[in-house]
Every structure is written in structure tokens, then in C-alpha cells.
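Colleague: 3D, please:
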Amino acid sequence: MFTSVLMIEQPLSSADVDFVTTLHDDAMSFVVLMRPRGDEDRLLRAIDDVALGELEQAVHEADEPEGEAALRPAALALEHSLQRLRAAGCEAIGQVIDDHPLDLLRSVVEQTHADEVIVLTAPHLVEEFFHRDWASRARHKVGVPVLKLYAHNDEDEVEE
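Modeller: Numbering: from 1, shown residues only. Predicted coordinates for the structure are as follows:
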């Protein structure tokens, strides 16, 4: 069985699940690490929103729960994501990341003997430019391949 550690910051959409579950031909097992929104990232998110032309989102950044208030929404997003992965026929476990995400990531990779890390995230232009995004930082910590993918939103999906 092929094991991937999947770092996410929003619930998996059906497009995300389809994508990550078809990356390999083997049966898949996922360890999902859900990162809640941190209040220290508000300015960077607002800059990213403006750079991506999403001015409405930049204006409402302060309305989103952060820090301790973000733990419950993160737990719900994690459970939703685990259910979607299981419905796709994969084994899936997970946890919300509270502190030291890269240290936790390294220990999860070591404990599960993971084959890869997938960082599934929205674009973070400022952090990516300076190689301070999760994928860039993880590549120096985990000892397995790190794949960075951009997440989809459910509202982006076209229903026919």
C-alpha cells in the first residue's frame, strides 16, 4: 500500500479527492494533517488575495476564525476530508495540527513510513516567492518526496 501524508488547510473538494487518489496505481493510504488558520498569517493571506485579484476575499479576511477559534472548523474540515477519502476507497486517518507543523510532519512520515508528502494548499504567492511555503520548508525536513498541489473549492466545480 502506498502511504501519503496529506497536509491541507481547507476541506478536500471532490476534485481534490479525485486528483490525490489517482496519483498512483497502488492502493492508497492517507494520513491527513489539517492546519487551522493562524492569526499570524492574516496579512499574507490578504496580500495573496489582492495579488490574485480576489479583492472581496481580502476585505473579509478578518471575518474568518483564527487561532483557537479556528480549531473547531478545522476539526470539521478534517472529518469531512477523511470521509471523502474513505468513500473513494482509501484508508484515511488524520489530526489537526496545533503547534510545530514541520516537526509533526517529520514524525508522522517516520512513524508511518510514508512514501511521500502532498501539500494541498491555496496559492500563497508571497511565501512561495521566498520559499517559505509549507512544501518548500518540508522538502528540507522529511526525507521523502514532497509534492505541492493547489486545492480546488467546491464552488469551483461545474455541475452538469
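
Colleague: ok now do Trp134, which residues does it touch?
Modeller: Met7, Arg35, Pro101, Leu102, Val119, Thr121 (C-beta atoms under 8 Å, 6 or more residues apart in numbering). In short, each C-beta sits where N, CA and C put it, glycine included.

Colleague: Look up how far Pro101 lies from it.
Modeller: 7 Å (C-beta to C-beta, to the nearest Å).

Colleague: Kindly report the same for Leu76.
Modeller: Distance from Leu76 to Pro101, by C-beta to C-beta: 19 Å.

Colleague: Could you check which of those two has the larger neighbour count?
Modeller: Pro101 (16 against 13; other C-beta atoms under 10 Å).

Colleague: Let me see the contact set for the residue nearest to the more buried one when sequence neighbours are not counted.
Modeller: Nearest residue to Pro101 in three dimensions, chain neighbours excluded: Arg35, at 6.0 Å (C-beta to C-beta, 6 or more residues apart in numbering). Contact analysis of Arg35 by C-beta under 8 Å, 6+ apart lists Met7, Ile8, Glu9, Ala74, Val96, Ile97, Pro101, Trp134.

Colleague: Redo those as JSON lines? Include secondary structure.
Modeller: Below are the contacts of Arg35 laid out as JSON lines (DSSP: H, G, I helix; E, B strand; the rest coil):
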{"residue": "Met7", "secondary structure": "strand"}
{"residue": "Ile8", "secondary structure": "strand"}
{"residue": "Glu9", "secondary structure": "coil"}
{"residue": "Ala74", "secondary structure": "helix"}
{"residue": "Val96", "secondary structure": "strand"}
{"residue": "Ile97", "secondary structure": "coil"}
{"residue": "Pro101", "secondary structure": "helix"}
{"residue": "Trp134", "secondary structure": "helix"}
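
Colleague: Much appreciated, bye for now.
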